[in-house]
Structure formats: C-alpha cells, structure tokens
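# I'd like to go over a predicted model; first the sequence, then the structure.
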Amino acid sequence: MDFEVDKIREDFPLLSQKVHGQPIVYFDNGATTQKPRQVIETVRRYYEEENASIHRGVHFLSERSTETYEKAREKVRKYINAASTSEVIFTSGTTGSINALAFSFGEKYLAPGTEVIITEMEHHSNLVPWQMACERKGAKLKVVPFNEKGELVMAEFKKLLSDKTRIVAVSHISNSLGTINPIKEIIRLAHKHEVPVLVDGAQALPHESIDVRDLDADFYVFSGHKVYGPNGIGVLYGKEKWLYDLPPYQGGGDMVDCVTFEKTTYNQLPFKFEAGTMNYIGAAGLAAALDYISGIGLDRIREYEKYLLEYATMKLMTVPGLEIYGNAARKISIISFLLDGIHPYDAGMVLDKLGIAVRTGTHCTQPVMDHFKITGTLRASMAFYNTTGEIDRLYAGLHRVREMFG
Ligand code: PLP
C-alpha cells in the first residue's frame, strides 16, 4: 500500500515511546488522538511569542492574537465548507457544543407535546443533554434503534418523524460500533418535515471529509482533540438563520453589545455564543491540525485506514472465541470486540502490559451495550499512523490473553 506511514509516524513524538518496556501500540484514537509536531510547535510558539487575550485590546499582541484566532475560524469554515465565519462557533469540544445547543434550542423550541429524536447508538454526549432539555421542558425523547449489524433502522426513523418532532440529533459515525450513518438521507428526510438536524461529527472529522453545505446539516459539532488538535477546543457549526434565531447559552464578556442593569443586548454572530475568554491557543492548534491533515489528504487517509480495518478485521476474526460488535457495511477503522468468557478489563490489562493501548468499557454508549446485553467491549480504534505490524502485535496479544484466561 502506497502510504508512507513510517515517515508520518516521525511527526508524532509520543509514538516513539515505550510502555512497560515495549514500543507503544496506540489503538485508542477514538478517545483521543496523538498530536503531530506541527500542532505542538504551534501551541508552544503561541505561548512563547504571541499570547494575549483576544478581542479586548488595542495593543500589538492582542491584535495579533485576535488575528490568529479569526484566521483559525476561517480555516475551520473552509475545512467544513460553511458559508460564513458567522456560522463557526468555537467551544470546548463536542460535549460543550451539544450542551450549548440543547440548552439554547430547548429553551426556545421544546415544550410539552414536542419531541426530540436521537438514536440508540449516540454517545452519552448526544443523549444526556437532550434528555436534560426534554426533562426541563416536558418534551419527549424518541430513539431510533439499530439492527444486529449496528446500522440504524431507517424505517423506524421515518415512523418516528412527525409534526411533533422539533430536532433530530444523530452521530455521523458511532464511536463504539464504527458505523457510518446515512447522514445525508437522515437530513433529507427530516427536512421534508421541516425539522432541523444536529450531526455529532466527533468521530467523523478524523476520517471523512465534511461538507456541511453538501450535507445540508443545520448544526455540526466536533472536538479538536479527536482530530489531532489540542484538548479543550471544539466547534459548533450552525446555519446562520438558526444561530441568529437562538438565544445565547452563556452570558459573560465578549458575547454582549451593550450592558446596563436594565437590559443587555447581544453581540453579533459568532460572538453571541462565545462568552468569556475563549481558548484562542487551542483554536490556533486546531487550525494547525487541519492543515496537517490536509497536507496528507483525507482521500489517502481514508484509503489507508480502510486497508487497516480490513486487515485487522480479517486477523481478529481468526482469534478463537472473538466476537466483533458492529459489522455495518459502511464503517471506519474501529473494532469493538469481546473474547468469549473473558472480561474486557482483564484482557485490556494484559494488552497494556504488552504495550498495547485499547479502550475497555461502555465507551460512553451504555445503550449500545444494553442492546447486545453485555457490560462492555474492548475497542481498537485505528488512525493513519497505525501499522499492520501493530495489528499483528494486537493479534499476538489476544492469543496471550486467551492462554492466560481462556
Ligand atoms: N460524540 C462522539 C461520537 C464521541 O465519540 C465523543 C467522544 O468520544 C463525544 C461525542 C464527546 O467528545 P468530547 O469528550 O471531546 O466532548
């Protein structure tokens, strides 16, 4: 396969580490990704040369910092093909974005007799905030089920859509099953009922190219740290008409126009939704991460990760007693699995001693585990810096686990 993975790995300092005396195999990319030097350098340089609070200063550093921040916003806009930078709100991450929207949207549009549609495979981040909003406003949460392969049952979705539906909140890609959901079709169907759609893109940004206008998504959210950028930065994209219409989520500095004790008027978009001192250094780091990915090219990334997924699936399926959860026709390089009769934590701990980092547990998708009547899985989530050699080590490690517990 024509992909210079060894050269790419040189950009990621952490990948040359040893864990328990073994070269690390990092297969926990669904939880967070490692950072290339280009991102680390951007953040370091910012602190050393540029740091000053944005938007509220006339001095040199503040103006330069503001410029960098707004350039990062433009970079995100271009990357997801939003129509305007007014539609790109920086947040603390996917969770921050969804909580902001669930609160703001809930305040304006949810009431007794209305409904919110989510799916059975949502991360808790795209479930609990909507549940809270529904509880607060007396609305109902409706859930689209998935089938045994881990694909959404679209016929059920169509049945749930009604004139009571106020919003659909759905993940683009499931973090525990790897399923790529038919987002465009979901949006098309919802729009037929004039219902807006929030897409949780936390797992999609690192693997797919995103065009919010082509999808016609009303809201699209993601986290910087899952896309090779820094922690504590994320994005809430919203169509201008929606962001204009919705009330602000948090009050504070910068999101205001004029403040008196009698009344406060709000700043224009996108600042209306950015209260307080924003994570401007995180935004610059995120811009560097997007540049880095563009430099490799998402088409090449997708092709290589598909190859890793096929290789890993083929190998793991030959491990006796191993069952994979999530076998959708369209999925990313995430494999959730169990070894018959072996607790995932036991297996995960043995793998750790062999230098292999996988995630164990519910992956913040308890309803997915309930669906399969299991308490958790092991999850290997692969990125473009992983190798088939590392998959071979996982394969050997699973045999070792079986020898110990099988
Ligand atoms: N949504 C999905 C699909 C995820 O995979 C995650 C994190 O694993 C989240 C939301 C929450 O992301 P964050 O913790 O960065 O806010």
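Looks like it arrived, so ask away. Keep in mind it's a predicted model, so treat the numbers as computed, not measured. Numbering: from 1, shown residues only.
# Now do the contacts for H59.
By C-beta atoms under 8 Å, 6 or more residues apart in numbering, the contact set of H59 is A52. In short, each C-beta sits where N, CA and C put it, glycine included.
# sorry, that was for L246
101, 104-105, 108, 238.
# Give me the subset of those residues that lies in strands.
G238 (DSSP state E).
# Dump the contacts of L246 into CSV; add pLDDT and distance to the ligand as well.
Listed next are these as CSV, based on pLDDT from 0 to 100; distance: C-beta to the nearest ligand atom, whole Å:
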residue, pLDDT, distance to the ligand
L101, 98, 13
S104, 98, 17
F105, 98, 17
K108, 98, 23
G238, 98, 17
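# Against G252, how distant is the residue of the chain positioned farthest from its centre?
When distances are taken from the C-alpha mean of the chain, E262 lies farthest, 40.2 Å away, according to C-alpha atoms, centre = their mean. For E262, the distance to G252 equals 18 Å [C-beta to C-beta, to the nearest Å].
# Out of the contacts of L246, flag the one nearest to I324.
L101 (33.1 Å; C-beta to C-beta).
# quick one: contacts for the closest one?
129, 198, 219, 221, 236, 238, 246, 249.
# just G234 next, same as before
90-97, 221-224.
# Now with 7 Å, please.
91-94, 96-97, 221-224 (C-beta atoms under 7 Å, 6 or more residues apart in numbering).
# now do D11
So D11 contacts 36-38 (C-beta under 7 Å, 6+ apart).
# do the same with I98
So, once contact is read as C-beta under 7 Å, 6+ apart, I98 ends up touching 125-126, 129, 200, 221.
# For the residue nearest to R393 when sequence neighbours are not counted, grab phi and psi.
Using C-beta to C-beta, 6 or more residues apart in numbering and skipping the chain neighbours, the partner closest in space to R393 is V25 (5.4 Å). Phi and psi for V25, reported as degrees, to the nearest 10, are phi -110, psi 110.
# Quick check, V25 in contact with V358.
No: contact criterion C-beta atoms under 7 Å: V25 and V358 do not qualify, at 8.7 Å.
# Now do the same contact list for the residue in the stretch 301-406 of the chain that the ligand sits nearest to.
Nearest to the ligand, among the residues of the stretch 301-406 of the chain, is C364, at 6.0 Å (C-beta to the nearest ligand atom). Counting by C-beta under 7 Å, 6+ apart, C364 touches 123-125.
# if you set the cut-off to 6 Å instead, what comes out?
By C-beta atoms under 6 Å, 6 or more residues apart in numbering, C364 lies in contact with 123-124.
# Show me where the chain has its helices.
Along the chain, the segments classed as helices by DSSP state H run 5-9, 37-45, 60-80, 94-109, 128-137, 154-160, 183-192, 212-215, 240-245, 280-296, 298-316, 344-353, 366-372, 388-405.
# Save those helices as CSV, and put in distance to G229 too.
Shown next, in CSV, are the helices of the chain (distance: least, C-beta to C-beta, whole Å):
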stretch, distance to G229
helix 5-9, 16
helix 37-45, 6
helix 60-80, 10
helix 94-109, 12
helix 128-137, 22
helix 154-160, 32
helix 183-192, 22
helix 212-215, 18
helix 240-245, 23
helix 280-296, 3
helix 298-316, 15
helix 344-353, 26
helix 366-372, 26
helix 388-405, 23
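# now for the ones you listed, which one comes closest to S174?
helix 366-372 (7.5 Å).
# how about that closest one, does it reach the ligand?
No: judged by C-beta under 6 Å from any ligand atom, helix 366-372 makes no contact with the ligand; its nearest approach is 11.0 Å.
# Quick check, M1 in contact with Y307.
Yes: look at M1 against Y307 with C-beta atoms under 6 Å: they come within range, at 5.3 Å.
# my guess is Q38 contacts Y292, does it?
Yes: at 5.0 Å, Q38 and Y292 qualify as touching, with contact defined as C-beta under 6 Å.
# who's more crowded, the two?
Comparing Q38 with Y292 by neighbour count (other C-beta atoms under 10 Å), the higher total belongs to Y292, at 20 against 15.
# Against A82, how distant is the more buried one?
On the measure of C-beta to C-beta, Y292 and A82 end up 20 Å apart.
# what does L316 give?
38 Å.
# Likewise for Y266?
21 Å.
# Who has more neighbours out of those two?
A82 (25 against 17).
# what phi and what psi does the backbone show at the more buried one?
According to degrees, to the nearest 10, A82 has phi -70, psi 160.
# G252 too?
The phi/psi pair for G252 (degrees, to the nearest 10) is phi 160, psi -160.
# who's in contact with it?
275-276.
# ok, the contacts of D11 vs Y311, which is closest?
Looking across the contacts of D11 and measuring by C-beta to C-beta, the closest to Y311 is P36, at 23.5 Å.
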